[in-house]
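Q: give me a model of this one.
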Amino acid sequence: MPTQPENPGLRLLKKGQKGLIHAVFSRLGLIVLLFLLQLVLLFAIFQRFEKFLPHIYGVVVLFIAGMVLWLINNRMDATAKVSWLMLIMLFPVFGALLYGYTQSNLGNRAVRARVNQLLGLTEDAITQQPDALNALKEKNPGAAGLCRYVQRCGCQPVFGRTEVTYFATGEEKWAELLRQLEGAKRFIFLEYFIIEEGLMWGRVLEILARKAAEGVEVRVMYDGTCEFSTLPHDYPKRLHQLGIQCRMFAPLTPFISTHYNYRDHRKILVIDGHTAFNGGVNLADEYINVIKKHGYWKDTAVMLKGEAVKSFTLMFLQMWSITEKEPEFSRFLSVPAPPCEEARGWVMPYGDCPLDENKVGERVYMDILNRAERYVHIMSPYLILDGEMETALRFAAERGVDVSLILPGVPDKKSPYALAKTHYAALLDSGVKIYEYTPGFVHAKVFVSDDREAVVGTINLDYRSLYHHFECATWMYETGCIPDIEADFEATRAQCRPVTRESLRRLPLRQRALGVLLKSVAPLM
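A: Reported below is the predicted structural model:
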């Protein structure tokens, strides 16, 4: 195994450094500012225009009525409408300003236009092979219908002749990733939500620097939030000195970025166009349990070899090209991906873009639930559902399908943990089985159904993933690794405690109160 890089100069962030800067750049900072602004305005109005208060009150009532009518006729998710209606009715100034800010996409309009342009340029970049889709249609028309829907949302074909390997831990994925990187000859693409200095990234970086020196084209892309959480501002320049091209996706701008919206939550690694990695594992030490933040960190990933790798190459290039004057796709997509003739089943890598109205990630999950006959087994770190997804989970269970959820037993954040528990009672009433992973934190994003269909990727069961982030995943049908995915689910379930009505009654009052309060604004978090 490669040795750890010796350059200690790459560890630049000091503990607690993000502090005030992080607050200023975050949406929370804006919310606090707007709330304080409302208090100041209301106090000033009461002090200066006391005799006109009835007229002012009438104007406020008309304003609220207008906003209510506007929201009712808006095309946004129904659950989000309720949150905005409540916020604007209780805090008109604060609510209206926050709504205008978030819906205006201030700071993201150029990104939206560019992403849509690139999606249009590449809509035919990879050809759908008719034999693969036709064979799937003969095997399962419902699954083929799902693939046709996903293809309507972008250049995302379904492939045969692709071997998929499943990794049940971040440690397994990391070890294989290092081995595959050593064999790179032409190019290496990495796109990750989080990169943090430490053993995991250090050993990857050592190989990347060596490969770049050998003439391999190496490109690294990470989300702009890393700038105020894990990496220094000049980190791309430091990588450039090693011969590695590097970009931050959507660097943050004070009060212009919405901070949490439109983040690049994807995890993609492509080697020479023939090998790709996808899943929940970022490049930081907690993902391989070198450090323990919330007990044992349970995560999963997949490695693809074969024709379907082209889709991950395209996804990376689409994001990389947002700031490119002349994007180049054909140079890399024309690199042959040798098919794995012995591989069974069908594979469809797909992305989800928050800048259109196609909620691909949620629709794929819901379709699996709606078509399931025996079981749907799910792992997710978060459970913050809209009405449609909760209904799909409950309806599948009410049809007699074994719907089982594994969630963290040790949370990484108190608010999402409390919010998840607000869904438990309704799900249990419908027959959904819920388990909490006692050794620690589940970060895996896995659906597996009926021993034949599965998804492994980056898409959580929460609003951020389903509505607001750039995401990606690997859909599989009858691939050789699906028994491994189900076996891992069962092994993980054996380490869990079941959630029951009795355990819900024992929840701390503070946790229950927090969940109830936050549920009203869950879509806005």
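
Q: can we go C-alpha only for contacts and neighbour counts from here?
A: Will do.

Q: tell me the SS of Ser404?
A: With DSSP: H, G, I helix; E, B strand; the rest coil as the basis, Ser404 sits in strand.

Q: OK, contacts around it?
A: Contacts for Ser404 (Cα atoms under 8 Å, 6 or more residues apart in numbering) come out as 375-378, 432-435.

Q: which strand residues bridge it?
A: His377, Lys433 (DSSP bridges).

Q: can you pull the pLDDT of it?
A: On pLDDT, Ser404 comes in at 98.

Q: look up how far Val220 lies from it.
A: 37 Å (Cα to Cα, to the nearest Å).

Q: circling back: format the contacts of Ser404 as TSV; extra columns: neighbour count, pLDDT and distance to Ala175.
A: Listed next are the contacts of Ser404 as TSV, based on neighbours: other Cα atoms under 10 Å; pLDDT from 0 to 100; distance: Cα to Cα, whole Å:
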residue	neighbour count	pLDDT	distance to Ala175
Tyr375	19	98	32
Val376	27	98	29
His377	21	98	27
Ile378	23	99	25
Val432	22	98	36
Lys433	19	98	33
Ile434	20	98	32
Tyr435	21	98	29
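
Q: hang on, Ile207 in a helix?
A: Yes - per three-state DSSP, Ile207 lies within a helix segment.

Q: was I right to think it contacts Gln180?
A: No - here Ile207 lies out of contact with Gln180, judged by Cα atoms under 8 Å, at a distance of 10.4 Å.

Q: of these two, who's got more company?
A: Ile207 (20 against 14; other Cα atoms under 10 Å).

Q: pull the distance from stretch 458-468 to the chain's centre.
A: Its chain's C-alpha centre and that of stretch 458-468 lie 5 Å apart, by Cα atoms, centre = their mean, to the nearest Å.

Q: and the end-to-end length of that stretch?
A: 13 Å.

Q: do the same with stretch 232-247
A: Taking Cα to Cα, stretch 232-247 runs 13 Å from one end to the other.

Q: mind listing what's buried in that stretch?
A: For stretch 232-247, burial by neighbour count (16 or more other Cα atoms under 10 Å) applies to 232-233, 235-236, 238-239, 243-247.

Q: helices - which of those land there?
A: 235-236, 238-239 (DSSP state H).

Q: dump those residues to CSV, plus pLDDT.
A: Formatted as CSV, these follow (pLDDT from 0 to 100):
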residue, pLDDT
Tyr235, 91
Pro236, 94
Arg238, 93
Leu239, 96
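
Q: tell me which of the contacts of Ser404 is nearest to Ala168?
A: Ile378 (13.8 Å; Cα to Cα).

Q: what sits against that closest one?
A: Contacts of Ile378 (Cα under 8 Å, 6+ apart): 403-406, 445-448, 489.

Q: one more time with 7 Å
A: Residues counted as contacts of Ile378 (Cα atoms under 7 Å, 6 or more residues apart in numbering) are 404-406, 446-448.

Q: over to Thr122?
A: By Cα under 7 Å, 6+ apart, Thr122 lies in contact with Cys155.

Q: confidence score at it?
A: We have a pLDDT of 96 for Thr122.

Q: then the one 10 residues further on?
A: Per-residue pLDDT puts Ala132 at 96.

Q: test my guess that it contacts Gly160.
A: Yes - taking contacts as Cα atoms under 7 Å, Ala132 lies within contact range of Gly160: 5.8 Å.

Q: so which of the buried residues of stretch 232-247 comes closest to Cys155?
A: For these, the nearest to Cys155 is Arg247 (23.8 Å; Cα to Cα).

Q: what pairs with the closest one across the strands?
A: Per DSSP bridges, the residues bridged to Arg247 are Met221.

Q: next: Trp346.
A: Tyr477.

Q: show me where pLDDT drops low in the protein?
A: Residues of the chain meeting the criterion pLDDT under 70: 1-39, 41-43, 45-53, 55-57, 93, 101-102, 104-107, 252-260, 525.

Q: count of residues packed around Glu342?
A: Residues lying near Glu342 (other Cα under 10 Å) number 10.

Q: same check on Tyr149?
A: Neighbour tally, Tyr149, other Cα under 10 Å: 15.

Q: take the contacts of Ile378 and lay them out in JSON lines including distance to Glu502.
A: Shown next, in JSON lines, are these (distance: Cα to Cα, whole Å):
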{"residue": "Ser404", "distance to Glu502": "18"}
{"residue": "Leu405", "distance to Glu502": "18"}
{"residue": "Ile406", "distance to Glu502": "18"}
{"residue": "Val446", "distance to Glu502": "27"}
{"residue": "Phe447", "distance to Glu502": "27"}
{"residue": "Val448", "distance to Glu502": "28"}
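
Q: out of those residues, who's nearest Glu138?
A: For the contacts of Ile378, the nearest to Glu138 is Val448 (21.2 Å; Cα to Cα).

Q: who does that closest one bridge with?
A: With DSSP bridges as the rule, Val448 is bridged to His377, Ala454.

Q: likewise Gly306?
A: Thr162.

Q: Pro336 is in contact with that one, correct?
A: No - counting by Cα under 7 Å, Pro336 is not a contact partner of Gly306; they are 9.3 Å apart.

Q: between the two, who's got more neighbours?
A: Each of Gly306 and Pro336 has its neighbours counted (other Cα under 10 Å); Gly306 has more, 24 against 13.

Q: Ala132 and Gly160: which is more packed in?
A: More crowded of Ala132 and Gly160, by other Cα under 10 Å: Gly160, with 27 against 18.

Q: okay, that one and Gly361: tell me how far apart.
A: Taking Cα to Cα, one finds Gly160 at 21 Å from Gly361.

Q: where exactly do the helices run in the stretch 51-200 of the chain?
A: 53-72, 78-90, 92-104, 109-121, 130-139, 141-152, 170-182, 199-213 (DSSP state H, counting those that start in this stretch).

Q: cool, the stretch 351-500 of the chain as well?
A: Under DSSP H, counting those that start in this stretch, the stretch 351-500 of the chain gives helices at 360-371, 387-398, 414-421, 424-429, 463, 482-493.

Q: switch the ones you listed over to a markdown table; also include distance to Gln128 and mean neighbour count.
A: Shown next, in a markdown table, are the helices of the stretch 351-500 of the chain (distance: least, Cα to Cα, whole Å; neighbours: other Cα atoms under 10 Å):
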| stretch | distance to Gln128 | mean neighbour count |
| --- | --- | --- |
| helix 360-371 | 18 | 20 |
| helix 387-398 | 30 | 18 |
| helix 414-421 | 39 | 20 |
| helix 424-429 | 39 | 16 |
| helix 463 | 31 | 20 |
| helix 482-493 | 23 | 18 |
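
Q: out of the ones you listed, nearest to Phe312?
A: helix 360-371 (15.8 Å).

Q: next, the angle helix 141-152 makes with the closest one.
A: On the basis of axes from the mean of the first three to the mean of the last three Cα atoms, to 10 degrees, helix 360-371 is oriented at 170 degrees to helix 141-152.

Q: chain center to helix 360-371: distance?
A: For helix 360-371, the distance to the chain centre is 16 Å (Cα atoms, centre = their mean).

Q: what's it in contact with?
A: So helix 360-371 is contacted by 150, 352, 376, 389, 392-393, 396, 459, 466 (Cα under 7 Å, 6+ apart).

Q: which residues does stretch 128-143 contact?
A: Counting by Cα under 7 Å, 6+ apart, residues outside stretch 128-143 touching it are 144, 157-160.
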